[in-house]
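Student: Could you work out the structure for the sequence below:
(2 chains)
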There are 2 protein chains.
Amino acid sequence: MATKELFNVRTPDDAYRVLADHLTPSPRQERVPLDEALDRVLAEDLLSPTDLPAFPRSTMDGYAVRAADTYGASEGLPAYLTVVGECLMGQAPTVSLALGQAAVIATGGMLAPGSDAVVMVEQTQAVGADTVEVLRAVAPGENVIQVGEDVRQGDRVLPRGHLLRPQDLGGLAALGIVEVAVVPRLRVGIISSGDEVVAPDQEPGPGQVRDVNTLTVAALTRRLGHLPVPYGICKDDLAALHAVARRAWDECDVVILSAGSSVSTRDMTAEVIAALGEPGILVHGVSLRPGKPTILAVAGGKPVFGLPGNPVSCMVTYDLFVTPALHHLTGCPRPPAEHQVRARLTKNVASAPGRVDYVQVRLEERDGELWADPVFGKSNLIYTLVRSDGMVKVELDKGGLVAGELVAVTLC
Amino acid sequence: MATKELFNVRTPDDAYRVLADHLTPSPRQERVPLDEALDRVLAEDLLSPTDLPAFPRSTMDGYAVRAADTYGASEGLPAYLTVVGECLMGQAPTVSLALGQAAVIATGGMLAPGSDAVVMVEQTQAVGADTVEVLRAVAPGENVIQVGEDVRQGDRVLPRGHLLRPQDLGGLAALGIVEVAVVPRLRVGIISSGDEVVAPDQEPGPGQVRDVNTLTVAALTRRLGHLPVPYGICKDDLAALHAVARRAWDECDVVILSAGSSVSTRDMTAEVIAALGEPGILVHGVSLRPGKPTILAVAGGKPVFGLPGNPVSCMVTYDLFVTPALHHLTGCPRPPAEHQVRARLTKNVASAPGRVDYVQVRLEERDGELWADPVFGKSNLIYTLVRSDGMVKVELDKGGLVAGELVAVTLC
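Tutor: Model prediction:
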């Protein structure tokens, strides 16, 4: 039962940096229509092909006027303007304003030639069919969006690497950009291994357990917008594991192996990962609980992860290493922030300096305040995670956390 | 230009409560396989069909032993046990332990009959092929997960209304639950209206603008896991708007109209919504900026929203009213929390007591601290949202916010 691992235990931050230093963002791109572009990463800088708005637009219901005609107007001494027509919505105005003239306009309407401002209807008084009293002066440009005031033709509206949000799609639609180049979804190969592991739809025999990590890892991957490619369950057979890992590496952009927790199984996983290609294993062992026996590797430019089989460790290490690596590969410099809330710890949490701990917690509201109640449990309990709402990090240099302390809970 | 609206302006909280009081969670359900169940809402309580684990499992690499055989053992005075075999992974043990006997076991292995604890390999010393020195005593159950210790048969593992996370899918897989009843995705009909509005792929003529809100609203809906059903752009024609609204109401669970900003257009939208059915319009006008002219209605049990056409208002009111209504309809009592971060305001923000304001901000890091820089802009500017990272809320009773103040930024 000799162990080859843990010869080089790194801090989690350091471990990720070593991995990231060996990864290059994908140069690939594909074109998709806007309504399929949500949460995708832009593969190109987008420049505006047009001014927005393309015509001077009213921001109010009222009258398009020549501002100079309203100077000095007040409730006591209104300006009288002749109403010569209406700026109809969605049309070029058919009237053009001369001195002392006004045209009815609605919010969003195009200003008639000759007008340079809009008086709100609330600051006017109609006098007969074709005269309006203006009760307040307006400055040139008042209540008007000028041509190009929102976006100028040629402006870079979104940079390469931007993750497209709902409002971005709306903004692109406004410019007539209806198709964009995005980074293709990454194919993430997922391999579970272990002589004791059977598929979830099978009845386990004595000593057997159902596979948990394939589904969890696939769902975590899907949440990030990538494509999980499950390779099923591999027995603890070196040749078989070599073969399936090689196939996954050939067919995918990223490979994740989640192996059993015994030392012999972990050694086999490390051997298989090391054989995939250069530079091979970069990190083997992280000062982290849970998740110490994590393997981070790169083979031929593709990241390969050996995550612990313990489901809690597997999820913690996915969040810490796989998630940022996938963002890095898509060239997304500002990935979505983690959901965090602040809460008070209900109990002391022990840790050890020199190690980062993640503690599962359940959130409870008591007297209007949020409390984080640690869900302790032996390692390898699966439902610790199901019973938790989030995790609390105990920093590297801390010996623990104290009951009553205010902590950041990362929701998961 | 008489206005029929705003006769009954409510606070945002009050407005939503009135709407929610008229909505009933959907009783429908559909069965989906686990790998399609991510982020879906459970439509049934899930009870465990089995004990987890189903057999006593080791949490360590080492030796399965009878704890009593190790009592008093220490480095100075080890206990000597006879190794009678190995508990192979994924198999029922072929050995059974008598007094003074031990069996090799790996993490995750099934304990041999007769054993009740595991000694870690690090606390043993092999002596020849079939004897082991135990250097530390173990208590019964030590390093073992007992049958049902994680989950007991019949336990309710997840309640109806739970939003399924990656770890929940893994947990269900562990129990052999490979298909679940979930609430069907809601069909959300989306109608944009306005004589000036053309589709994003069309070249707008003078006075025309491209439709922004259909894409934004569809994307917001998709992010919540529901199905946007776009009904295209309707001209400001009462009969046409009636017809398309009726069709959307017939075919969908929820209808959203986003109308132009002029008073006459808003009046038309209100008339169409009111005609859809009882109880009709519940809220018309909210003490909110942007978003004052929002309409909340229910017709025959289905919510109908009249959102302002201004893209910023449309998004703010979607977040405030449509999002919680969709969660309510799916019967999800604990929907995902909003992403919030804390930052300092760079500038004063004016508001008015008696109104809730939402201010778009851009986040910037300065000297390691996060700052929220308000993105001011005339209403109807579309790119205010694109240039923002989130929104800051100015509460109902506040006259504004002060530069330097620490505020919660809801990311969007």
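
Student: And the strands in the stretch 101-250 of chain A?
Tutor: A:101-105, A:117-120, A:124-127, A:131-134, A:144-145, A:156-158, A:179-182, A:187-193, A:197-198, A:209-210, A:227-234 (DSSP state E, counting those that start in this stretch).

Student: Would you mind listing the outside residues contacting the third one?
Tutor: Strand A:124-127 is contacted from outside by A:62-63, A:78, A:80, A:132-135, using Cβ atoms under 8 Å, 6 or more residues apart in numbering or on different chains. Placement of C-beta: from N, CA and C, glycine included.

Student: the longest strand in chain A is where?
Tutor: Assignment by DSSP state E gives strand A:356-366 as the longest strand of chain A.

Student: what's across from the residue nearest to A:Cys412 when sequence neighbours are not counted in the sheet?
Tutor: The spatially closest residue to A:Cys412, leaving aside those adjacent along the chain, is A:Gly390, at 5.5 Å (Cβ to Cβ, 6 or more residues apart in numbering or on different chains). Counting by DSSP bridges, A:Gly390 is bridged to A:Val361, A:Leu411.

Student: And for A:Gly390, the neighbour number?
Tutor: Other residues near A:Gly390 come to 23 when the count uses other Cβ atoms under 10 Å in any protein chain shown.

Student: mind checking pLDDT for the residue of the stretch 251-400 of chain A found nearest chain B?
Tutor: Going by Cβ to the nearest Cβ, chain B is nearest to A:Ser262 of the stretch 251-400 of chain A, at 3.5 Å. Reported pLDDT at A:Ser262 in the predicted model: 80.

Student: Quick check: it touching B:Asp61?
Tutor: Yes. Here A:Ser262 reaches B:Asp61: they are 5.4 Å apart, a contact under Cβ atoms under 8 Å.

Student: Find residues that contact each of the two.
Tutor: With Cβ under 8 Å, 6+ apart, A:Ser262 and B:Asp61 have common neighbours B:106-107.

Student: so where do the helices sit in chain A?
Tutor: A:12-20, A:166-174, A:213-223, A:238-251, A:263-274, A:311-317, A:323-330, A:383-386 (DSSP state H).

Student: how about the first one: buried residues?
Tutor: Neighbour-count burial for helix A:12-20, counted by 16 or more other Cβ atoms under 10 Å in any protein chain shown, picks out A:12, A:15-16, A:19-20.

Student: Quick one: list the elements packing against it.
Tutor: In this structure, helix A:12-20 packs against strand A:279-284, strand A:295-299, helix A:323-330, with contacts taken as 3 or more Cβ pairs under 8 Å, 6 or more residues apart in numbering or on different chains; DSSP states H and E.

Student: okay, the angle between it and strand A:279-284?
Tutor: Relative orientation of helix A:12-20 and strand A:279-284, computed by axes from the mean of the first three to the mean of the last three Cα atoms, to 10 degrees: 170 degrees.

Student: residues from the stretch 1-150 of chain A in reach of chain B?
Tutor: Contacts of the stretch 1-150 of chain A with chain B, taken as Cβ under 8 Å from any Cβ of the partner chain, map to A:1, A:34-35, A:38-39, A:52-55, A:57, A:59, A:61, A:87-93, A:106-110, A:121, A:145, A:149-150.

Student: What subset of the residues you listed is buried?
Tutor: Buried among those by 16+ other Cβ under 10 Å: A:34-35, A:38-39, A:52-55, A:57, A:59, A:61, A:87-91, A:93, A:106-110, A:121, A:145, A:149-150.

Student: Redo the buried residues of helix A:12-20 as JSON lines? Include distance to A:Glu364.
Tutor: JSON lines is the format used below for the buried residues of helix A:12-20 (distance: Cβ to Cβ, whole Å):
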{"residue": "A:Pro12", "distance to A:Glu364": "28"}
{"residue": "A:Ala15", "distance to A:Glu364": "33"}
{"residue": "A:Tyr16", "distance to A:Glu364": "32"}
{"residue": "A:Leu19", "distance to A:Glu364": "36"}
{"residue": "A:Ala20", "distance to A:Glu364": "37"}
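
Student: Could I get those in a markdown table, plus columns for pLDDT?
Tutor: A markdown table is the format used below for those (pLDDT from 0 to 100):
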| residue | pLDDT |
| --- | --- |
| A:Pro12 | 97 |
| A:Ala15 | 97 |
| A:Tyr16 | 98 |
| A:Leu19 | 98 |
| A:Ala20 | 97 |
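
Student: Count the neighbours of A:Ala98 for me.
Tutor: A:Ala98 has 11 neighbours, counted by other Cβ under 10 Å.

Student: pretty sure it is in contact with A:Pro113, am I right?
Tutor: No. A:Ala98 is beyond contact range of A:Pro113, at 10.2 Å (criterion: Cβ under 8 Å).

Student: hey, C-alpha coordinates of stretch A:272-287 in PDB?
Tutor: Output of stretch A:272-287 as PDB, limited to C-alpha atoms (Å, rounded to 0.1, in the frame of the first residue of the first chain):
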ATOM      1  CA  VAL A 272      -3.200   6.600 -16.400                       C
ATOM      2  CA  ILE A 273      -3.200  10.400 -16.400                       C
ATOM      3  CA  ALA A 274       0.600  10.700 -16.500                       C
ATOM      4  CA  ALA A 275       0.600   8.500 -19.700                       C
ATOM      5  CA  LEU A 276      -1.800  10.800 -21.600                       C
ATOM      6  CA  GLY A 277       0.900  13.200 -22.700                       C
ATOM      7  CA  GLU A 278       3.200  16.100 -21.900                       C
ATOM      8  CA  PRO A 279       3.700  17.900 -19.600                       C
ATOM      9  CA  GLY A 280       1.500  15.500 -17.600                       C
ATOM     10  CA  ILE A 281       0.800  15.700 -13.900                       C
ATOM     11  CA  LEU A 282       1.400  19.200 -12.500                       C
ATOM     12  CA  VAL A 283      -0.100  18.900  -9.100                       C
ATOM     13  CA  HIS A 284      -0.600  15.800  -7.100                       C
ATOM     14  CA  GLY A 285      -2.000  16.600  -3.700                       C
ATOM     15  CA  VAL A 286      -3.500  19.900  -2.400                       C
ATOM     16  CA  SER A 287      -3.500  21.300   1.100                       C
END
